[in-house]
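1. coordinates only, sequence not included:
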């Protein structure tokens, strides 16, 4: 997902570029991690792509982009504050300078944070043929066995957190179409009877989603499936796929500001849609539910993709200037809750050091052309809260019951 990103208005009296500190050292004039930055309003509470991350990064952790304390220039207002909102209205050189400061700081922070957690060894994934309705049970069993082996390997390596996550995935009640415990991990979990499903939703996550944090992603997908089951008309057969099919960007990294990870993920998402069409015989109403940075992934995969609907929630943008520019036959929906800080992120694109940063037009703006539905007061992690307006509307979209969708 993308997070607080460009936007803050910089105190123009402070134009001198700070010296760059050696890796591991605090930048001059910047607060050390965990300490309050001078002249900076305290950032808001931690927010994650689907739920609050288990571990807070230095500074306020806002899923999508976390600007550490040291990355916030002196005099910049905290996200959500009045100064931040003024910056959103007066975008220009100020937000570019703030973004450059963030990029410089995260470029130093990320290698250190990545080095702190070595990669956990895991077995290669099970070798399986492309799935069909008849082979789903075989795939589920093979992936459970692989996850159990991955849990034992992680435990032997001393990584209790990963071992616990793998053991939960290996439980007899869980059904995974894909599992790969290597690195940050890949997984595709099935909720419902996919072989006989006639309404299918694929949940595409944003940043900081991995096997280590999979439980919160699982809870979001389970809540979506529960809402589909409750809202489904008699005789229908809904299913949900929780698709962790790519290396999501870290909140404390420059990757969350660019479409690079989305570009890598898009072919895999297109392949998954092909698998779903094969398993269901092509008859299911298929919706991509794209949360936060996941909407960038969906935007990259959308052109000509055989889906019926795209639902973008908490989106920083798709990389396209309009719904029409996605070149999709699908109906495009978008929502943002009144409590979502993404509203304060400038929806722009800019070229910096030969890289395109930002994701363009706000999907809930009139100019984008999506159908905007009501998400009430959802915050960035609240779109999948059981019983919420946002979740009920997502279920109606996924079921194809669009006349029942309430509009913003």
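-> It's in. Note that this is a predicted model, so its numbers are computed, not measured.

2. Name the spans of the stretch 101-250 of the chain whose pLDDT lies under the cut-off.
-> 101-118 (pLDDT under 70).

3. Please enumerate the strands of it.
-> Taking DSSP state E, counting those that start in this stretch to define them, one finds strands in the stretch 101-250 of the chain at 176-180, 186-192, 199-204, 238-244.

4. between the ones you listed, which one is nearest to residue 264?
-> Closest to residue 264 of these is strand 186-192 (CB to CB; 12.1 Å). For the C-beta atoms, the positions are set from N, CA and C on the backbone; glycine is no exception.

5. Would you report the backbone torsion angles of the most centrally placed residue in the chain?
-> Residue closest to the average C-alpha location in the chain (CA atoms, centre = their mean): residue 206, at 0.8 Å. Torsion angles at residue 206 (phi, psi; degrees, to the nearest 10) stand at phi -100, psi -150.

6. same check, this time on residue 274
-> Dihedral angles for residue 274 - degrees, to the nearest 10 - are phi -60, psi -40.

7. and residue 290, that one's in a strand?
-> Yes - under DSSP: H, G, I helix; E, B strand; the rest coil, residue 290 sits within a strand.

8. Who is it paired with across the strands?
-> Bridge pairing for residue 290 (DSSP bridges) gives the partners residue 204, residue 312.

9. is it true that it touches residue 310?
-> Yes - shown here, residue 290 and residue 310 form a contact pair, counting by CB atoms under 8 Å, at 6.4 Å.

10. shared neighbours of these two, which are they?
-> residue 298 (CB atoms under 8 Å, 6 or more residues apart in numbering).

11. thinking again about what came up before, nearest approach to residue 262 belongs to which of the strands of the stretch 101-250 of the chain?
-> strand 199-204 (9.9 Å).

12. could you check the angle strand 238-244 makes with the closest one?
-> Taking axes from the mean of the first three to the mean of the last three CA atoms, to 10 degrees, one finds that strand 199-204 is oriented at 20 degrees with respect to strand 238-244.

13. which helices and strands sit right next to strand 199-204?
-> If you count contacts as 3 or more CB pairs under 8 Å, 6 or more residues apart in numbering; DSSP states H and E, strand 199-204 packs onto helix 214-231, strand 238-244, helix 260-280, strand 285-291, helix 294-301, helix 389-399.

14. For the first one, buried residues please.
-> When you say that, I think you mean helix 214-231. 214, 216-218, 220-229, 231 (16 or more other CB atoms under 10 Å).

15. again, but for the fourth one
-> Applying a neighbour-count criterion of 16+ other CB under 10 Å, one finds 285-291 buried in strand 285-291.
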